[in-house]
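In: using only what follows, build the 3D model:
(2 chains)
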Amino acid sequence: MATETPDTECLDHTLQQEMQKYVEQLTTSGKPVLNADTMKKFKSICKKSDMYVNEAYHMLMTQLEKEHSEIRLSAFQMMDELFNRSHAFRELLLCDLQTFLELTVEVDFDQPLPPPKAAANTLKASSLRAIQQWNDKFGEAYKKLSLGFNFLQKCKKVDFNGIRARSEAEQRRERERDERRQRINKERINKVLKEIEETVPDIKTCLTEVENCFSILLPTPDEFFLGVESSSEPNVSDCLRNAKNQETCTVDTSNCIECAKLNSLQSQSSTSDNKCEKCLKNQSNSKKLKCTDKDPENSSNSTCSGNSMKDVTECREKHEVVEKVESELENTEVLGDEASVRIPVSSNQRDSEASVKIQASNDKTDSENTKKGGAEDPNSSDGEGSSEDDFEEVEEVGGFVQEHGLRNHQYSIAIDLHQGPVQLEENEDNLPVLTTLKDHYRLISTKHQPSVTHWLQVLSKHGGKEEDIKRIIDLKSQLREIKNKFYDLKVVPLEEQNKNSDDESDDDFEDVPEKEGYEEEVPEILKKESGQGSSSLKKQPAVSISKKPPSTTSSTAVKPSTSGAGAKRSFVKASWSIQNELLEHDEKDPTTMVANLKRIKEEAEGQSRNSSSPSTSTTTADKTQAGAGIRKEKLLSSAPVISFGVDLEHWENPNKIEAPQIVKYDSLHRFWSSNDVEHCKTDHNNIGELTKRTIPFVGKFEPVKWKCRAPLPNGSLCERMDRVKCPFHGKIIGRDEYGIPSEPGQQNMASTSTQGQLEEELNDWQDPELQADIEGALGVDLGSKKKKGKGKGKGKKSKEPKYPNLTDINVVENTARTRLEKKVLNKSAMKRVNEVMDNLAYKRIRDRFGNQFNYSLK
Amino acid sequence: MLKFLTARESGIDSPVVLRRIESTKRAYSLELSKHRDVECVFYGGINSLDIDPVESRYLLSGTVSGTLHIHDLTNHSGEVKHTTKAVCNVSRSNTYKHKHSVETVQWYPLDTGMFLSSGTDRTLKIWDTNSMKPADEYEFSGIVYSHHMSPVATTHCLVAVGCHSSTLKLVDLKSGSATHMLKGHKKSILTVRWSPKNEYLLVSGSEDNRVLLWDVRSSKGSLMSLDQFNGQEVPTFLSACTAHSGNVNGMSFTMDGLHLVTSGTDNRIRLWNIETGRNTLVNYGKIQNETRKGLQFAVSCWCKSDLIYIPDEYCNIQVYEMFTGRKIDTLRGHLQQVNCCVFHPDYQELYSGGNDRNVLIWEPELDGSYDNYLKERSSKKQTQSRSFVSRIAATADSWSSDEET
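Out: Purely as a prediction, here's the structure:
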């Protein structure tokens, strides 16, 4: 940019043009403050040499003479900047101080400041303030400045002391406010810090206790939650991988995927269980499952640990240990022979125990970890010698297998692990732990977490120290983690368990005959399984296994029992019962839990009805009844509540409504009357009155909380509080603090629409070119220039599009006066008035001089 | 300067030469004084100024509000920065003050013990400086626009008074009465002047565009009427023998009394040869001058080529070379119209007063040498240095470094 050195004594033309550009940009911006960047560029040019300052002075003076206060204001602000910097500029300006004062401070009443008024006032105030500051700063050195200052002070009675005092008072107030704010902030921070110091130990202990509780309840909590996060994806991939690895398993792949899907939906079915069983069995053959289950810290075998973690989470409800009878390594053929063993476990301790066992037996088996190497060969049978990681373990557990009654290493045990939220039943053993856990949870969620959030807010808002904030953030995340843990842990309360078990017994009782009808079709495995299920129920009455109604026909037989036994904690049992009837009144209210449960149940039932084979008549009857109830409930919920009346009384038979009877007394005596007073008269019109109901619709009155806030010409904002539309400024839209619409699109909506209409109107019959021609010929302005905007060069109209930022001062204000003028001084109105007055005058003349010849002529 | 000094010492040049050279140099280079100002005791615009002819020490001023002030111009403080104090005031509360604005003030030519003032309250007051009370008071039928006492009169003690009537009155201070009435003008007289050389010669300028020369000894009327066209080619629409095409509102003799400078509302200045009564036809160009009352402008003295300092409509004082009409300078400093200016004959300084209630001192520019001298001295004398240091600091540029590109 700098093409010349400062000591060159001629102006660079390009720089000059650039300056001109900046001056124009800045002065026609129409903004109350200058653009700092442009101003900086401008100053950097001016800085080069006094010649540029001189040039700048003349440019600015030219701008200052413009008849527009916004231009003047901007020009003045630029001058102020330069004045404070350049000696040459000061000299120049003080030479023309008189002119300057006239143009900015309005010293000459013959030359008032131009419109717009708001900018003019700002200009005057700011220039007075600036002159006062200049005088304070430079008055000593520049005689004329002090002269001007004294002149303004003495002759123009400008209260500079007032200005100075005001600005000083403002500064002082500002300073005081700052100080006060800082003090308050400090106090707040100190308070919070103190609070933190006091409470953080509590929170820490609370956290530790909760951790301990968790560790009591769930020995390997980390794995659980890691497993939950990676819920179904690994399963799918594993299944797919297995499918790849083992050709025989391909038939099961689809089932596996289905199973994964179901898992992801957190719904289980026994059929999918079966499939999973199969594929997991394959898995168990192809890789080691439980190698690292014992110690969660053993993460050296990452793939294995990942698998095990997943598996542990899977063994939420049901563990099916399938013992493989065959000693062959080709495990693909053993599907039919496998024995499925269901070991229902109530707590996770048991899970882990079981997994340990399984692991042991698994290690015994020669099924090899093919997955680890990612190798393609499906079965590498030399597990004892070649498994690198688990070598010692294998050795170690050699005898252990036998202890568990397994004959040799060639057992293959398939473990079916089901996913879902971690569920924990409440019982006498863990009740105290759970109670403390709950207490702590409540404490955390109601007290600790809000207070931590509050601290964080206070600290970040009032500028606390970084390490404090960091500490609090850590604490917060810890709390959140704990909370999430608690969320993930589904605790089945004792009462509900009992209730559920009651339901179960009911269900079982009711469903037994239904089940019997299909007994023959049940495959053997499933039969066994169901048998096992019942035995497990016997063992652990408190267990609750959630089962989804089966989605495939093959498992329909299982459905009743599983659906009965598998009612989840959150599910009320699926069919109609007396208990539900007892809850009927609750169900009517859609907000109660019972009603929602019922709805869910309805859906479930609908599904089962669709999928299952024709069910018994009793259930369908129940269902229809339930459906009617639902409908009624639905209708009731939407029905309005009205008071009892005659029309309701005769709702069923509206014809029976009787009109009120009027007793007519023939006798007019007060006491004496005839016996046959029962002379009644009915007015049938009154029936309408009786049956008519007035239903008032009174909406809730909501006071208007917003204002129009459109900018007014006096600089303030419109204070009207209309609901939708301000009568002066149109539709009420969101505006910022300056009254500028927050969404620029809305800004011009109204105006553009009107403009568009105008244009259309014009375009209908006006051809601008033709009109221009006509105008040229006639020399009369027919108004075509208005539209063209650019006009013919010098006119004001050509200026407006040039500087769109400036307020248009040529616009005729739509004031009450102009509107009235338009009406009153209308040509036709004048004519009318004149006519009336003429008539009056004529009448008067006729009255007076009507008998005279020359007046009577008219 | 040194050359002239040696020449003066050796007697090559006459004593006048050095003085003339030096005063010319100074008179040409006036600028607003940086160090001196006049204490602002005024409550209105200043209409008239006068420097006492005896000592050239006291500045007399009359204001629009009817007050009179006397400032002592000498600087006895030893400080460079000096505010000339007002030594006497006829303040607003003074019972003797003029009721309305003071139009003209003048020192008694021979003594500072007495001065005269006249104004729109139709009175001419003769003041005793020591008691600050009017010694005598004359009332006239109209506004007194101007009065003047002959600076060289020895045989008479007449005050010429031009007021809002066509007759020019001569007040004899000895008898205390109006002795003469000079009739000749057709409209009110805005300005009167005595010749500085001829004690009987009086000049008056009037709203009827004419300038009349009077010999107060003569009873037959005016000596002559100055004609701007010198008797030739009179345009028909102008009456004959006019000095200006507008009101004549200011006059001033040169120090030698040979020439008269007049100004009029036709925005012209004319220079007249008093011996012949002819217009010298020097063209000064146009000077905006619309004032309806007397305008007091100054003419330098002791210069090789004298200068005219004349206020214009735009708050400035224009400086013209008298005999060539060349415009030398424009003195800017006032913020409203300048009404009067007066030239200090000894120091070649100009004092000007205007409607902005300022009396400004214009002193010769000394190409900073005086400044430097002051700076040196101030650096030695730390006590007074502060103002200068801050002044020097204030004149320095202060571009902030972040404007580097």
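
In: setting aside sequence neighbours, what's the nearest residue to residue A:476?
Out: Spatial nearest neighbour of residue A:476, chain neighbours left out: residue A:452 (4.9 Å); criterion: CB to CB, 6 or more residues apart in numbering or on different chains. Just so you know, the C-beta spots here come from the backbone N, C-alpha and C atoms, and that holds for glycine as well.

In: burial check on that neighbour, number of neighbours?
Out: Counted by other CB atoms under 10 Å in any protein chain shown, the residues lying close to residue A:452 total 23.

In: could you do residue A:710 as well?
Out: The local packing of residue A:710 (other CB under 10 Å) involves 18 other residues.

In: identify the residue nearest it in space, chain neighbours excluded?
Out: Closest to residue A:710 by CB to CB, 6+ apart is residue A:729, at 3.7 Å.

In: again with residue A:199
Out: Closest residue to residue A:199 apart from its sequence neighbours, by CB to CB, 6+ apart: residue A:451 at 6.6 Å.

In: average pLDDT across the helix or strand harbouring that neighbour?
Out: Assessed by DSSP states H and E, residue A:451 sits inside helix A:449-461. Averaged across helix A:449-461, pLDDT comes to 83.

In: list the buried residues in it.
Out: A:449, A:452, A:455-456, A:458-459 (16 or more other CB atoms under 10 Å in any protein chain shown).

In: which of those residues lies closest to residue A:689?
Out: Nearest to residue A:689 among those: residue A:449, at 62.2 Å, using CB to CB.

In: so the residue nearest to the closest one when sequence neighbours are not counted, which of the three states?
Out: With CB to CB, 6+ apart as the criterion, residue A:449 has its nearest non-adjacent residue at 5.3 Å, and that residue is residue A:479. Assigned with DSSP: H, G, I helix; E, B strand; the rest coil, residue A:479 falls in the helix class.

In: same question for residue B:70.
Out: strand.

In: just give me the neighbour total for it.
Out: If we define neighbours as other CB under 10 Å, then residue B:70 has 24 of them.

In: identify the residues contacting residue A:207.
Out: In this structure, residue A:207 makes contact with A:478-479, A:482, judged by CB atoms under 8 Å, 6 or more residues apart in numbering or on different chains.

In: look up the residues forming beta bridges with the residue positioned nearest the centre of chain B.
Out: By CA atoms, centre = their mean, the mean C-alpha position of chain B lies nearest to residue B:342, the distance being 3.0 Å. In this entry, residue B:342 is beta-bridged to residue B:351, by DSSP bridges.

In: just checking, residue B:135 touches residue B:114?
Out: Yes. Using CB atoms under 8 Å, residue B:135 is in contact with residue B:114, at 7.0 Å.

In: those two: who's more crowded?
Out: Set side by side, residue B:135 and residue B:114 show more neighbours around residue B:114, with 18 against 15, by other CB under 10 Å.

In: what sits opposite the more buried one in the beta ladder?
Out: Bridge pairing for residue B:114 - DSSP bridges - gives residue B:128.

In: tell me the domain boundaries of chain A?
Out: A:13-158, A:232-292+A:302-371+A:389-419, A:556-631, A:815-858 (automatic domain parsing).

In: which one of the ones you listed has the lowest average pLDDT?
Out: domain A:232-292+A:302-371+A:389-419 (a mean of 46).

In: for residue 89, what are its contacts?
Out: Here I'm looking at chain A. For residue A:89, counting by CB under 8 Å, 6+ apart, the contacting residues are A:46, A:53, A:56-57, A:79, A:82-83.

In: actually chain B
Out: Applying CB under 8 Å, 6+ apart to residue B:89 gives the contacts B:41, B:67-70, B:132.

In: repeat the analysis, applying 10 Å as the threshold.
Out: For residue B:89, the contact set (CB atoms under 10 Å, 6 or more residues apart in numbering or on different chains) comprises B:41-42, B:67-71, B:97, B:132.

In: want to try a markdown table for the residues you listed, with pLDDT as columns?
Out: What follows is those, written out as a markdown table (pLDDT from 0 to 100):
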| residue | pLDDT |
| --- | --- |
| B:41 | 86 |
| B:42 | 86 |
| B:67 | 91 |
| B:68 | 92 |
| B:69 | 92 |
| B:70 | 92 |
| B:71 | 92 |
| B:97 | 89 |
| B:132 | 88 |
